[in-house]
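Undergrad: Sequence first, then the predicted structure, then my questions.
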Amino acid sequence: MSRSHMLPVWFFIGVLLTLYGAIILITSLGDWAHPAHTVLAQYHPGAWGGTLLLLIGSFYAIRFRPGRK
Amino acid sequence: MAGSLLADPGLLSLSATRLIALAPSDVIIILLYFVMVLGIGIYLRRYASTSNDFFMAGREMSAWVAGLSFLSANLGALELMGWAASAYQYGILAAHFYWIAAFPSMVFLALVMMPFYYISKTHSVPGYLQLRYGEATRALSGISFAFMTILMSGINMYAMALVMKVVLGWNIHFSIWVSSLTVAVYVALGGLYSAIFNEVLQFFLIWLGALVIPILGLIEVGGWSGLTARIQERMHSSDYVHLWSTLGTFSGNPMGVHWTGIVFGLGGAIAFGYWTTDFLVVQRAMAAKDLRSAQMAPIIASYFKMIVPLIVILPGLLALGVLPYRLVPETAVRPGLHSYNEVLPLMLARYAGPGLLGLGITALIAGFMSGMAGNVSAFATVWTYDIYQPYIRKNASDAHYVRMGRWCTILGVFLSIATAYFVTQFKSIMDYMQALVSFFIAPLFGTVIMGMIWKRTTAKGGFWGLLAGTLSSVAMYAAVKAHPEYLRYIALSPDAKDMAENLYRALWSWLICVLVTIAVSLFTKPKTKEQLTGVAWGYTQFPATEVLPLWKRPIFWAAGVAVFFGILQWIFW
């Protein structure tokens, strides 16, 4: 099969990180009023981390999406 | 270069009480990872139809993909957890294993050795040895590599299951079988394509999963100056935060080593042996689409390797400064106490809440699985190209060798599982197996480099040099095991500790290999110019890089990483 049609690894990374970002962000927002019993939980690292993953993931997923010239 | 997690087989004696409890979001994150890696394997199967596809990923990887994969193949979870533990134990001295043990050798591979590997069109390091020295040296190297790779894969699998048991309370058999079969499926389907894709994925997961520790840790302690003050206050010593200034004597630092051992043993023999001849990592660079990309791969990897201490060494140092209790060696673990080896999961549990915790655990699982995938894909390549094809079935069809590669991958996984169970029964064997692997690394570098740079090196010189270097390493190891006081002769000091033995043993075995190679070569018949074309310095035509703009040349980026290295040494001197 022609490898010119092969999806780049960056697309798979983008999809997974986007999903992870969404899950972590939603979990963190859901627990906003009652953060986990971890050190520095008041800074809501889950919200920051989830947003970062969402941004990185969606960048890669869109930039390397199938069919993009 | 393996992490020190395995240094003490007493890990099994750890408390069975789990360190971390997962939330539903964590479990979903872990499950998604398994779905993704299997999906990648199934998707890539259609592209892995020829032997060049299956074993060499079509030799069309970009420099970035090959470079990140090159690094990830080394960045296993044992490596991460082991060196975080070492940082807790020895302080920032552990960073030498990421700095001097990486940059010079990776750059050397890129600039000096990769052209020979790439231009000779060999499929493997043993394959290069066959071209340069002949069948005997290839057989010695290929069989020992295949054997060692499977053993190490099994040991890593066992260690992963053990960590999952300790950290998450998972059943050992469940961990071994689920992760092994997943690896077997995706590598057997997509070959090196699958292994490389998943290694690049793992690279992102490890960084993003572990980054929470240094960021929140530094906020908690008030930056680097706050951390050093806390460590000094708790440990009553500043030795833990200095890289070189304590290495003037063996007794002046927590590791019990001297700077000569770090520079020549670690940065020289061990690092050059590992990064330039271990086919597990070299295979990733050889899969690059052209020589420039193959050269850039280790250089790109070296930049990232230099900043890995941020997520490995720094968490160990932060633990020294913030954990309200002291961690202990494995041998001293009792109920209620935690060992050095648990430092990374403990720090993860300290800062990561639901979701982030799942990401961190996924990063560890990804590290274990891609390490195993790397081992079995390298095993399948060496077995098929360097053992099966030349000695068992020559001249078969290409499709036959691809089928052999797929079955060999599955066989490799099952042999790894068998090794994991064997280690479960005979835990002390782990220590010896790791030593066994270390016996070959330094002498092999001596054999390969002499073949590349000295035209006069003969087939007999290469073979006997490799054998003499390996046997001398075994002899030194056995002597110190039987008589621990002999360490003073190996490391040249009565104050040397265990770590020093590894460094100096590698150095001496490399020297013996080189000296024997030279001596035997001088008395045996050299190869002709025609036989050495493409495999030895002086008889190999390298593509000109002058036509490239400066910023595209490997030498330019190699100089950049050298400057980066120098700055880091100066900051943490």
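TA: Ah, there it is. Numbers count the residues shown, from 1 in each chain, chains lettered A, B, ... in the order given.
Undergrad: Which residues of the stretch 1-150 of chain B lie near chain A?
TA: Proximity of the stretch 1-150 of chain B to chain A, by CB under 8 Å from any CB of the partner chain, involves residues B:23, B:25, B:28-29, B:32-33, B:36, B:39-40, B:43-44, B:46-47, B:49, B:58, B:60, B:65. Glycine gets a C-beta too; all of them are placed from N, C-alpha and C.
Undergrad: Of those, which belong to helices?
TA: Mapping the residues of the stretch 1-150 of chain B next to chain A onto helices (DSSP state H) picks out B:S25, B:I28, B:I29, B:L32, B:Y33, B:M36, B:G39, B:I40, B:Y43, B:L44, B:V65.
Undergrad: From the residues you listed, keep the buried residues only.
TA: Buried residues within those, defined by neighbour count using 16 or more other CB atoms under 10 Å in any protein chain shown: B:S25, B:I28, B:I29, B:L32, B:Y33, B:M36, B:I40, B:Y43, B:L44, B:V65.
Undergrad: now the fourth one, nearest residue through space, not along the chain?
TA: The one in question is B:L32. A:L19 (5.9 Å; CB to CB, 6 or more residues apart in numbering or on different chains).
Undergrad: The one you found falls within a strand, correct?
TA: No - applying DSSP: H, G, I helix; E, B strand; the rest coil, one finds A:L19 to be helix, outside a strand.
Undergrad: Count the residues that sit near it.
TA: By other CB atoms under 10 Å in any protein chain shown, 19 other residues sit near A:L19.
Undergrad: I figured it hits A:S58, correct?
TA: No - contact criterion CB atoms under 8 Å: A:L19 and A:S58 do not qualify, at 10.5 Å.
Undergrad: Let me know the pLDDT of B:L162.
TA: pLDDT for B:L162: 78.
Undergrad: and it, what element?
TA: Element membership for B:L162, per DSSP states H and E: helix B:135-168.
Undergrad: buried sites along that helix?
TA: So, applying 16+ other CB under 10 Å, buried residues of helix B:135-168: B:136-146, B:148-168.
Undergrad: Tell me what angle it forms with helix B:24-44.
TA: 150 degrees (axes from the mean of the first three to the mean of the last three CA atoms, to 10 degrees).
Undergrad: quick check, distance from helix B:135-168 to the centre of its chain.
TA: 12 Å (CA atoms, centre = their mean, to the nearest Å).
Undergrad: cool, stretch B:453-461 as well?
TA: 28 Å.
Undergrad: Just the CA trace of it, in PDB.
TA: What follows is stretch B:453-461 as a C-alpha-only set of coordinates in PDB (Å, rounded to 0.1, in the frame of the first residue of the first chain):
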ATOM      1  CA  ILE B 453      38.700   4.000  12.000                       C
ATOM      2  CA  TRP B 454      41.700   1.700  11.400                       C
ATOM      3  CA  LYS B 455      42.100   0.000   8.100                       C
ATOM      4  CA  ARG B 456      44.700  -2.400   9.400                       C
ATOM      5  CA  THR B 457      42.200  -4.100  11.800                       C
ATOM      6  CA  THR B 458      41.800  -7.700  10.700                       C
ATOM      7  CA  ALA B 459      38.900 -10.200  11.000                       C
ATOM      8  CA  LYS B 460      40.900 -12.200  13.600                       C
ATOM      9  CA  GLY B 461      41.800  -9.000  15.500                       C
END
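Undergrad: what's in contact with it?
TA: Here stretch B:453-461 makes contact (CB atoms under 8 Å, 6 or more residues apart in numbering or on different chains) with B:112, B:132-134, B:136-137, B:450-451, B:516-522, B:524-527, B:532, B:536-539.
Undergrad: Using neighbour counts, pick out the buried residues of that stretch.
TA: Buried residues in stretch B:453-461, counted by 16+ other CB under 10 Å: B:W454, B:T457, B:T458, B:A459, B:K460, B:G461.
Undergrad: ok, now which ones touch residue 57?
TA: I went with chain A, as the question did not name one. Here A:G57 is in contact with A:I13, A:G14, A:V15, A:L16, A:L17, A:T18, A:L19, A:Y20, A:G21 (CB under 8 Å, 6+ apart).
Undergrad: wait, I meant chain B there
TA: Taking CB under 8 Å, 6+ apart as the test, what B:A57 contacts is B:G191, B:L192, B:Y193, B:I196, B:A287.
Undergrad: Kindly state the pLDDT recorded for B:I92?
TA: B:I92 is given a pLDDT of 91.
Undergrad: no, scratch that, I was asking about B:Y88
TA: Per-residue pLDDT puts B:Y88 at 91.
Undergrad: quick one: what helix or strand has it in it?
TA: Per DSSP H and E: helix B:77-90 holds B:Y88.
Undergrad: Which strands and helices lie in contact with that helix?
TA: helix B:135-168, helix B:313-322, helix B:343-351, helix B:356-382 (3 or more CB pairs under 8 Å, 6 or more residues apart in numbering or on different chains; DSSP states H and E).
Undergrad: For the lengthiest helix in chain B, what is the distance to the chain centroid?
TA: Taking DSSP H as the criterion, chain B has its longest helix at helix B:172-210. Distance of helix B:172-210 from the chain centroid (CA atoms, centre = their mean) equals 16 Å.
Undergrad: Do any residues in it lie close to chain A?
TA: Yes - counting by CB under 8 Å from any CB, contacts between helix B:172-210 and chain A involve B:I196, B:F197, B:V200, B:L201, B:F204, B:L208.
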